[in-house]
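> output the structure for:
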Amino acid sequence: IPVAFSVITLEVYPKVILINDHFVRTFGYTLEEIPTVGAWFARAYPEELYRAEALTWWNAAVSKINSAPGIVESKEFHVTCKDRSVRDVQISAAILEDTLLVSFVDLTERKQLEIKLGISEERHRILAENARDVIWTMELDGRISYVSPSVEKLRGITPDEAMRQPLNEILTPASQEIVLKYFSQLQGKVQAGLPPETFRGELEYWCKNGSTIWTDVLVFPRHRPNGSLELLGVTRDITERKNAEARNRQQEKIESLSCMAGAIAHNFNNLLQGVLGNLELALYDLPTGSKATADINESMRTARKAADLSSQMLTYLGQIYTTKKPVDLSAICRQALPMIRDCLPQNMDLKAELPASGPYINASTDEIQRIIGNLVNNARESIQGRSGLIKISVTKALPKEIPKSQRFPPDWQPQNHSYACMQVVDNGSGMTESCLGKIFDPFFSTKFTGRGLGLPVVSGIVKAHGGGVTVESKANEGSTFRIFIPLASEDLTP
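Just a heads-up that it's a prediction; the model follows:
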């Protein structure tokens, strides 16, 4: 490190007899500008109190080194340069024959670096302790040497617990294999004298409760000052993203199957129409009283049932083509009540809470009646064999009031407008959570195989009307079905 120095006489009024070039470059003063110690102090310490402090040290230091030659006295000072800048300087004084040799080591850059490092370390500490991502360091043998507090939010364990865990308690087996393979490649690079490579991959972590989460992990190998290698890593939770990707894949699969099922149902329906037409022609050609008449009539009934089933499949897929117009949802429900009561056994009650008018929706009256009939029939079957109660109600709902769980179709999201809500509640047998996700699948039933397309048809009709269905149910606690359909622009009900 270049050192500025000066040589000073040991007189009562000390003179500066020599300064080196580095002294001039550092402070800007020439020998003519500081011929005496007094002149130096006046320029280097312009603030009176600080100058007095510096002079006190200087006098004590000179006295001490005079009484004990060979010792060196040092202290750090803020020195004002000729250009009025201030530098941090370590000043040391020692006896050299009959003169004083004074050295000046400029510490300014080092001090500034220390401050920056201190700020940087504090900033990094704050970032690590408050980041949502988990920041960690690891040895090449898999031991964690540091982990940020955010690990508790990610995995449910404290940093101390995390640092004590072996790799098999951190990662699932498949993810362990990926990491161990990277460790092996890394050690091979180091042994071969090649620069280590970073790692980025998706790893599955164990949580404290036994569940797992998916993470995006970025690892930077770095050398310590002693030459050893450590791994600096950042782990980010991507579980929601992975779940969304899985939902998207499932939705794409459903859409693909829906297209295929729709095409099959259309073609099947067209073929059935041909079969029915030919059966009718054959029936006309038969002589009166022919024994084949009854067989052909039965075949036609069966073909019509098959055509109806094909039509229901298209409805389930939302491929219905009916004229929609503004209709009063409460009025449709009110019209359906007598027919519903006639179909219920005596041990079941039906209650309705319907506004005097509205809400209005753009819909087909026939399709809305199919929804009501299928939902009530589902409630009736749920109560089967015991007394029970079915309630039908109609209200309006804002998007924020629509339950976020158990929505059907699964990809349905309420838009930014109000909805009419028709609710059907029963106190029947209810459903388990595992059944809830399947109730709108064609032919799914908890009772017997081939139960039908009642609820799938409901889902299809609602989908065709731009709406959605939500379901709440627990085993032995009944079920609540809510149908949400956008309000018609002409809806004037309060």
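> pLDDT below threshold where in the stretch 1-150 of the chain?
1-5, 114-131 (pLDDT under 70).
> swap that for the stretch 251-400 of the chain, sorry
251, 253-266, 308-322.
> gap between the helix or strand hosting Tyr146 and the chain center?
When elements are assigned from DSSP states H and E, Tyr146 belongs to strand 144-147. Distance, stretch centre to chain centre, for strand 144-147: 24 Å (CA atoms, centre = their mean, to the nearest Å).
> list the contacts of the next helix or strand after that strand.
The helix or strand immediately downstream of strand 144-147 is helix 151-155, counting by DSSP H and E. Helix 151-155 has contacts (CB atoms under 8 Å, 6 or more residues apart in numbering) with 132, 134, 136, 157-159, 162, 205-208, 213, 215, 235, 237. C-beta: built from backbone N, CA, C; applies to glycine.
> return a PyMOL selection command for the buried portion of these.
Buried subset of those, written as a PyMOL selection, criterion 16 or more other CB atoms under 10 Å:
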select buried, resi 134+136+157+159+162+205+206+213+215+235+237
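> between the contacts of helix 151-155, which sits nearest Val16?
Distances from Val16 to these, taken as CB to CB, are shortest for Trp136 (57.4 Å).
> helix, strand or coil: sort out that closest one for me.
Recorded secondary structure, Trp136: strand (DSSP: H, G, I helix; E, B strand; the rest coil).
> once you drop chain neighbours, what's closest to it?
When the adjacent residues along the chain are set aside, Trp136 lies closest to Val147, with 4.3 Å between them (CB to CB, 6 or more residues apart in numbering).
> report the contact partners of the one you found.
Per CB under 8 Å, 6+ apart, neighbours of Val147: Val134, Ile135, Trp136, Pro159, Ala162, Met163.
> before we move on, what about Ile95?
Ile65, Asn66, Pro69, Gly70, Leu101 are the contacts of Ile95 under CB under 8 Å, 6+ apart.
> where exactly do the helices run in the stretch 1-150 of the chain?
Using DSSP state H, counting those that start in this stretch, the helices of the stretch 1-150 of the chain run over 21-27, 37-44, 48-67, 108-130.
> centroid residue for this structure?
Taking CA atoms, centre = their mean, the centroid of the chain lies closest to Glu240, which sits 5.0 Å from it.
> state the three-state secondary structure for that one.
helix.
> report the buried residues of stretch 412-431.
412, 414, 418-431.
> from these, pick the one nearest Lys463.
Distances from Lys463 to the buried residues of stretch 412-431, taken by CB to CB, are shortest for Trp412, at 7.5 Å.
> Pro409 versus the closest residue to the closest one other than its chain neighbours, what's the distance?
Leaving aside its sequence neighbours, Trp412 sits nearest to Gly468 (CB to CB, 6+ apart; 3.7 Å). Using CB to CB, to the nearest Å, Gly468 is found at 7 Å from Pro409.
> more neighbours: the two, which one.
When Gly468 and Pro409 are compared on other CB atoms under 10 Å, the one with more neighbours turns out to be Gly468, at 22 against 16.
> returning to what we had before: quick one: the residue nearest to Trp136 and Glu32, what's the gap?
Counting by CB to CB, the gap from Val147 to Glu32 is 63 Å.
> what do you get for Trp57?
Applying CB to CB to Trp57 and Glu32 gives a distance of 26 Å.
> cool, and Val462?
97 Å.
> surely Gly468 is in contact with Asp411?
No. The criterion here is CB atoms under 8 Å, and Gly468 misses it with Asp411 at 9.4 Å.
> so Ile213 sits right up against Glu202, yeah?
No. Counting by CB under 8 Å, Ile213 does not reach Glu202; the two are 10.9 Å apart.
> on that earlier part again, who has more neighbours, Val462 and Glu32?
Val462 (25 against 7).
> need phi/psi at that one.
phi -60, psi -40 (degrees, to the nearest 10).
> and the one 5 residues further on, by the same measure?
When read as degrees, to the nearest 10, the backbone of Gly467 gives phi -120, psi -160.
> residue contacts, Ala379?
With CB under 8 Å, 6+ apart, Ala379 has these contacts: Gly388, Ile390, Val424, Val425, Asp426, Gly428, Ser479.
> would you verify that it is located in a helix?
Yes. Assessed with three-state DSSP, Ala379 lies in a helix.
> ok, back up a step: farthest pair within the contacts of helix 151-155?
Arg132 and Trp206 (19.4 Å).
> before we move on, the earlier item: so which of the helices of the stretch 1-150 of the chain comes closest to Ala475?
Nearest of the helices of the stretch 1-150 of the chain (CB to CB): helix 108-130, 43.8 Å.
> related to what we said a few turns ago, and the residue nearest to Trp412, what does it touch?
So Gly468 contacts Ile402, Arg407, Phe408, Pro409, Trp412, Pro414, Val462, Phe484 (CB under 8 Å, 6+ apart).
> if you set the cut-off to 6 Å instead, what comes out?
Arg407, Trp412, Phe484 (CB atoms under 6 Å, 6 or more residues apart in numbering).
> report the separation between it and Asn374.
16 Å.
> which of the contacts of Ile95 count as buried?
Of these, these count as buried by 16+ other CB under 10 Å: Ile65, Leu101.
> is it possible to export the contacts of Ile95 to CSV including distance to Ala52?
Shown next, in CSV, are the contacts of Ile95 (distance: CB to CB, whole Å):
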residue, distance to Ala52
Ile65, 21
Asn66, 21
Pro69, 27
Gly70, 29
Leu101, 24
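> kindly indicate which of the contacts of Ile95 lies nearest Ala44.
Using CB to CB, the contacts of Ile95 come closest to Ala44 at Leu101, 17.5 Å.
> picking that back up, tabulate the helices of the stretch 1-150 of the chain (JSON lines), appending distance to Asn297.
Below are the helices of the stretch 1-150 of the chain laid out as JSON lines (distance: least, CB to CB, whole Å):
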{"stretch": "helix 21-27", "distance to Asn297": "116"}
{"stretch": "helix 37-44", "distance to Asn297": "121"}
{"stretch": "helix 48-67", "distance to Asn297": "118"}
{"stretch": "helix 108-130", "distance to Asn297": "79"}
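> out of these, nearest to Val457?
Of all those, helix 108-130 comes closest under CB to CB, at 52.4 Å.
> who touches the nearest residue to Gly467 once chain neighbours are set aside in this structure?
Once flanking residues are discounted, Gly467 sits nearest to Ile485: 3.9 Å by CB to CB, 6+ apart. Ile485 makes contacts with Ile361, Ala420, His465, Gly467, as judged by CB under 6 Å, 6+ apart.
> tell me the bridge partners for the nearest residue to the third one once chain neighbours are set aside.
When you say that, I think you mean His465. Closest residue to His465 apart from its sequence neighbours, by CB to CB, 6+ apart: Ile485 at 5.0 Å. Judged by DSSP bridges, the bridge partners of Ile485 are Ala420.
> which parts of the stretch 251-400 of the chain are helices?
292-316, 329-343, 365-383.
> now the residue nearest to Trp136: how far from Thr36?
62 Å.
> how about Asp237?
Taking CB to CB, one finds Asp237 at 70 Å from Thr36.
> now Leu354
In terms of CB to CB, Leu354 sits 107 Å off from Thr36.
> same question, Leu436
On the measure of CB to CB, Leu436 and Thr36 end up 95 Å apart.
> comparing these two, which residue is more hemmed in?
Taking neighbours as other CB under 10 Å, Leu436 and Thr36 compare with Leu436 leading, 18 against 15.
> tell me the phi and psi of that one?
According to degrees, to the nearest 10, Leu436 has phi -60, psi -40.
> which residues are in contact with it?
Gln406, Val471.
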